[in-house]
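Asker: Model the structure of this input:
(2 chains)
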Amino acid sequence: MLQKKICLLGAFGVGKTSLTRRFVDSIFSDAYLTTVGVKIDKKSVPVGDQTVSLLIWDIAGEDDVSAVRTSYLRGAAGYLLVVDVTRAQTLDVAQSIRERVAREIGDIPFLCLLNKTDVVEWDIPTGRIDELQAAGWNVLHTSAKTGAGVESAFSDLAQRISK
Amino acid sequence: MAAIYPSDADLPVDADRRQRLADLLLEVARAIDPDVATALPRQLVVDPRLDAVKSVMLRTELDVLEHLHQTVDDPEQLAEAVSGVLPHAIALSAARDERLGQSLAPAMERATQASIRRDPGTLVNILYPVMGPAIRKAIAESMNDKLQGLNQAMRHAFSLQGLRWRLEALRSGSSFADVVLRKTLVFRVEHVFLIHRKSGLLLEHVAAEDATARDPQLVSGMLTAIQDFVRDSFDDASSVEGGAIDSLRLGDLLLWCEAGPQAYLAAVIRGNPPEGLRSTLRDTLASIHDELRNALEDYNGDNAPLGDLVSRLSPCVRQQVQPPERRLSPWLWALPLLLLGLAGYWLVTRYVENQRIAAYVETLRAEPGIVVTSAERLGGQWRISGLRDPLAADPRELLQHTPIDPELVIDRWEPYAALSPGIVLKRIKASLPPLPSVKFALQGNAIHVRGGAPPDWIDKARAFVRALPAGAPAVNLANITDVEDPEYLKLREDIQALRIHFNSGAPDPSAGQEGALDQVAANMKAIIGVARRLGFSVRLSLTGHADATGKQTSNLGLSIARAEVVRSLLRSRGIAPELMSVRGTGTLEPLAEGEAPDDMSSNRSVTFTITTSE
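Answerer: The predicted structure is shown next:
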């Protein structure tokens, strides 16, 4: 049995929880997010010839990065950084989260998910995304509405952290 | 040089080899210079030439040997050499197995003992930082145990159950607190989670049979998150590294956590576990850390290197059930009660029965003409026997008026004639024809009879009194007056005033006598009824008469014939013939003395007389 703890991070309202809801096994209510600040779901992903159980720590989004509890990050093998493409400010938050994680627990694999890509009007200039990719960010496009890209995001991250 | 070689005596095998080596070298020397052989003895312990050869051929090796020799021989140098490799050697040995620890332990113990003997203060100083918390922890846990016991004891001290336990404590000779603990510490460990501290990943989960839980991996993560949350929220600096939620109670469920450096154990317990369970958790966690320290340190989500954790955790999943009380069936308590009840019922019914029989016997004794000679219980029945005047009250009927079951009483009465006033009174009443005008009264021992009665009744009463045996109660008949019934008297007058007339010489009534005959018959019937009511019977005496004409003898026959004819005429009018008597007087009792035709006619008649009879 191979298990990995991953975190789901991002600014407030980027749609982390709704993004993953359809794809994960969950026994806890969303109320935990507002009370304890974290909710844990599970997702089994095949990697090679074995199955990895991803324990997804969905951490309550905070626009103020310093308010994110770093204790929830400890022991994570990787994380998904969710950005709302209709709000450029969420990308700023994502960047500072990225820095904070790197500082607190080191350089662990992560994926940046550009959420709400089903919406035509983007608030983020494509140039900025190119910059991030140039800086080594792995950027994927997802849609909480259609579910597009979510499954492969989990699969991608599972591959990276199982190496 | 000689020091390198051990003496021959020590190592004979080596000596032999050396000998052969020496011989060989000698042969080599002879081959080089034959003179050598002659100059040298065949056998040499130390051959200077050999030394020379060796010093030429093995110079470098000899130098190294010399250096090693000096190093080994000189304690200073040896110590220095060993000190360089000792830490590494110890680390290697410790990593390989436990032998180093085992061999060091006795020496360490001796060293510690020696140190303590020399100056206990040193060790105290060393141990103080460790001992302080350890002692505090031990005391705290011990106090916790005691408090738990005390708490339970207080809670149950005054309840009914508590009282029962107190009795049990007395009976079994153990302390009340022990009994309380034993009775109340009932628990079940339903789940044990072994959780990686850092990541919250589930290392192993063991559940009790039939215990249900949601996805243990998720539970394990959430448990860790909540611990982090509590720790962060209350900023408990002291628990950042070592601490974890100690226990958490939610209704009937109790969560006990035991934290180790790499992993922690979380036990979900239902009920009320003893503190001893905590030691089990602690020991289990410690042994897992001891044996899997490296695997835990390097844990990256793969559980395979951890091996079989289930068998390690299983001992933690235990339970204590309340021993089934060997309770006596409530029926066992009911039995003596039932017996007692039955006995009570029996006693009460017997008492009531005795009372009733006694009352009945009293009633019988009070009854005149009844003498109870014995009343006893025999074979579940009462046998009442005695004497009873046949005129006395019927005991069976008296029994009907009591609540006694008639089946319960068997009575036997010998008949006798009682002289008690009541019975004598009854006997008078039974012997004399009933007469409404006569009243009887019992005054003291005497019977008084009052009222009016026909003479024949009075005659019978007197006869009865005369027949009474001596000593019988006195019967006073002085107040009886001789009274004839007016109706009776009138009817008698009427009948006796009537006469039936005949023609001269004829035995049949003359014409026009039918009315008189009818009247006689009617009056006769009436007087029979009145007499019967008064208690006696009447007879009609018919007297035939003849006139003075004709012969005396024929006149007698004629008078009888006339009476007989009237009798038969009355008979045909419904008067029973046995109530009528006939006689003829001929001319001997003339109704008129004269010779005139009227007187003669009067004497040709039948007259009637009413007589009373028994």
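
Asker: By neighbour count, which bits of the helix or strand harbouring B:Leu387 are buried? Give me those.
Answerer: For B:Leu387, the host element (DSSP states H and E) is strand B:381-388. Using 16 or more other Cβ atoms under 10 Å in any protein chain shown as the test for burial, strand B:381-388 gives B:Trp382, B:Ile384, B:Ser385, B:Gly386, B:Leu387, B:Arg388. Every residue, glycine included, has its C-beta placed from N, CA and C.

Asker: okay, those in TSV with pLDDT and distance to chain A next?
Answerer: Converted to TSV, the buried residues of strand B:381-388 look like this (pLDDT from 0 to 100; distance: Cβ to the nearest Cβ, whole Å):
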residue	pLDDT	distance to chain A
B:Trp382	89	85
B:Ile384	90	91
B:Ser385	91	96
B:Gly386	92	98
B:Leu387	91	103
B:Arg388	91	100
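
Asker: Isn't B:Val53 up against B:Leu26?
Answerer: No: at 11.0 Å, B:Val53 and B:Leu26 do not qualify as touching, with contact defined as Cβ atoms under 8 Å.

Asker: Those two: who's more crowded?
Answerer: B:Leu26 (20 against 14; other Cβ atoms under 10 Å in any protein chain shown).

Asker: Show me which residues of the helix or strand containing the more buried one are buried.
Answerer: For B:Leu26, the enclosing helix or strand under DSSP H and E is helix B:12-32. By 16+ other Cβ under 10 Å, the buried positions in helix B:12-32 come out as B:Ala15, B:Ala22, B:Leu25, B:Leu26, B:Ala29.

Asker: Apart from its chain neighbours, what residue comes closest to the third one?
Answerer: It refers to B:Leu25. B:Leu50 (5.6 Å; Cβ to Cβ, 6 or more residues apart in numbering or on different chains).

Asker: helices or strands next to the host helix or strand of that neighbour in the packing?
Answerer: Secondary-structure assignment from DSSP H and E places B:Leu50 in helix B:48-57. In this structure, helix B:48-57 packs against helix B:12-32, with contacts taken as 3 or more Cβ pairs under 8 Å, 6 or more residues apart in numbering or on different chains; DSSP states H and E.

Asker: between the buried residues of helix B:12-32, which is closest to B:Leu203?
Answerer: B:Ala15 (64.1 Å; Cβ to Cβ).

Asker: Can you tell me how far the closest one is from chain A?
Answerer: 66 Å (Cβ to the nearest Cβ, to the nearest Å).

Asker: With B:Ala474 instead?
Answerer: 118 Å.

Asker: How about B:Ala22?
Answerer: On the measure of Cβ to the nearest Cβ, B:Ala22 and chain A end up 68 Å apart.

Asker: Quick check: which element contains B:Leu203?
Answerer: strand B:202-207.

Asker: Next secondary structure element downstream of that strand?
Answerer: Next along the chain after strand B:202-207, taking DSSP H and E as the criterion, comes helix B:216-234.

Asker: in that following helix, what's buried?
Answerer: B:216-232.

Asker: CA atoms only: put the helix or strand harbouring B:His448 into PDB for me.
Answerer: Element membership of B:His448, judged by DSSP H and E, is strand B:446-453. Backbone C-alpha positions of strand B:446-453 (Å, rounded to 0.1, in the frame of the first residue of the first chain) are rendered in PDB as follows:
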ATOM      1  CA  ALA B 446     -93.200 -22.400  83.000                       C
ATOM      2  CA  ILE B 447     -95.400 -22.500  80.000                       C
ATOM      3  CA  HIS B 448     -98.500 -20.400  80.100                       C
ATOM      4  CA  VAL B 449    -101.500 -21.100  77.900                       C
ATOM      5  CA  ARG B 450    -104.100 -18.400  77.400                       C
ATOM      6  CA  GLY B 451    -107.200 -17.800  75.400                       C
ATOM      7  CA  GLY B 452    -110.400 -19.500  74.600                       C
ATOM      8  CA  ALA B 453    -110.700 -23.000  73.400                       C
END
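
Asker: List the buried residues for it?
Answerer: Buried-residue list, strand B:446-453, by 16+ other Cβ under 10 Å: B:Ile447, B:His448, B:Val449, B:Arg450, B:Gly452, B:Ala453.

Asker: what's the answer for stretch B:295-305, then?
Answerer: For stretch B:295-305, by 16+ other Cβ under 10 Å, it's B:Ala295, B:Leu296, B:Tyr299, B:Gly301, B:Asp302, B:Asn303.

Asker: anything in it near chain A?
Answerer: Yes: judged by Cβ under 8 Å from any Cβ of the partner chain, stretch B:295-305 and chain A are in contact via B:Asn300, B:Gly301, B:Asp302, B:Asn303, B:Ala304.
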